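Enquirer: please find the sequence and the predicted model below.
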Amino acid sequence: DQQVKQNSPSLSVQEGRISILNCDYTNSMFDYFLWYKKYPAEGPTFLISISSIKDKNEDGRFTVFLNKSAKHLSLHIVPSQPGDSAVYFCAASDSGGGADGLTFGKGTHLIIQP
Amino acid sequence: GAVVSQHPSWVICKSGTSVKIECRSLDFQATTMFWYRQFPKQSLMLMATSNEGSKATYEQGVEKDKFLINHASLTLSTLTVTSAHPEDSSFYICSARPQLDSEAFFGQGTRLTVV
């Protein structure tokens, strides 16, 4: 049973527009969420995170929104740039981002078109 | 940010042999490191939690006798795939946290191909 779901395997967005990547989770014990960016044959790179006590966290072009009642989070990238093309993974933790490993979604391949 | 280095980045080995993958935290100490595995177009799956000075904690379904983990120091964890088979071919990634409440930093990953 997949506890973290990214239902869009791919997403194509025009350069300069907003990219919205979605993530749903089923485990109500998750209290810390992260987004990672990954290029082929490389390890994931941390982008942004959010604790369950917040509903929004912003860092430059990246904003993560958390809707706990819907068990849904989204990553907004604005404006989208060609270098943003990569696979984005949503990850969750039930230990406040602490000592336990992360549960990942399957990823969404974001393609930024010029 | 903190740097986690993984070596080798890719390796090809024959069936039945063993392969060791190293994961080092270069600028911080990590009492806990994590090993993940990713199949093509799939999610990263947590295999085990590596604890310095003690036995690793394996996720359900992961064979601890096949995937040997040694966390010998606060900056080094190793994963040894023993008696490798073609189905062990995958992308293996390690991660570590400088502090319990910080984000996890990942190594570059190791592409293992068993022929």
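Expert: Thanks, I have the structure now. Numbers count the residues shown, from 1 in each chain, chains lettered A, B, ... in the order given.
Enquirer: can we go C-alpha only for contacts and neighbour counts from here?
Expert: Fine.
Enquirer: got phi/psi on B:Asp27?
Expert: Dihedral angles of B:Asp27 (phi, psi; degrees, to the nearest 10) stand at phi -130, psi 20.
Enquirer: restricting to C-alpha, output the helix or strand containing B:Cys94 in CSV.
Expert: According to DSSP states H and E, B:Cys94 maps onto strand B:90-96. Extracted in CSV, the C-alpha atoms of strand B:90-96 (Å, rounded to 0.1, in the frame of the first residue of the first chain):
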residue,chain,number,x,y,z
SER,B,90,19.3,-1.2,-9.1
PHE,B,91,20.2,2.3,-8.1
TYR,B,92,21.3,2.4,-4.4
ILE,B,93,21.3,5.7,-2.5
CYS,B,94,22.3,6.6,1.0
SER,B,95,21.3,9.6,3.0
ALA,B,96,22.2,11.2,6.3
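Enquirer: can you count the residues close to residue 75?
Expert: With no chain named, the answer covers chain A. Other residues near A:Leu75 come to 25 when the count uses other C-alpha atoms under 10 Å in any protein chain shown.
Enquirer: um, chain B though
Expert: Neighbourhood size, B:Thr75 [other C-alpha under 10 Å]: 20.
Enquirer: so it sits against B:Gln29, correct?
Expert: Yes: using C-alpha atoms under 8 Å, B:Thr75 is in contact with B:Gln29, at 5.3 Å.
Enquirer: what about the strand or helix carrying A:Leu47, average pLDDT?
Expert: In the assignment (DSSP H and E), A:Leu47 maps to strand A:45-51. With pLDDT averaged residue by residue, strand A:45-51 scores 92.
Enquirer: please apply the same query to stretch A:16-33.
Expert: Per-residue pLDDT values across stretch A:16-33 average out to 96.
Enquirer: who are the contact partners of A:Ala91?
Expert: A:Val4, A:Phe33, A:Leu34, A:Trp35, A:Tyr36, A:Leu102, A:Thr103, A:Phe104, A:Gly105 (C-alpha atoms under 8 Å, 6 or more residues apart in numbering or on different chains).
Enquirer: what's the most distant pair in these?
Expert: Of all pairs drawn from these, the one with the longest distance (C-alpha to C-alpha) is A:Val4 and A:Tyr36, at 13.6 Å.
Enquirer: can the helix or strand just after the strand holding B:Cys94 be found next to chain A?
Expert: For strand B:90-96, the succeeding helix or strand toward the C-terminus, using DSSP H and E, is strand B:105-106. Yes: interface with chain A: strand B:105-106 contributes B:Phe105, B:Phe106 (C-alpha under 8 Å from any C-alpha of the partner chain).
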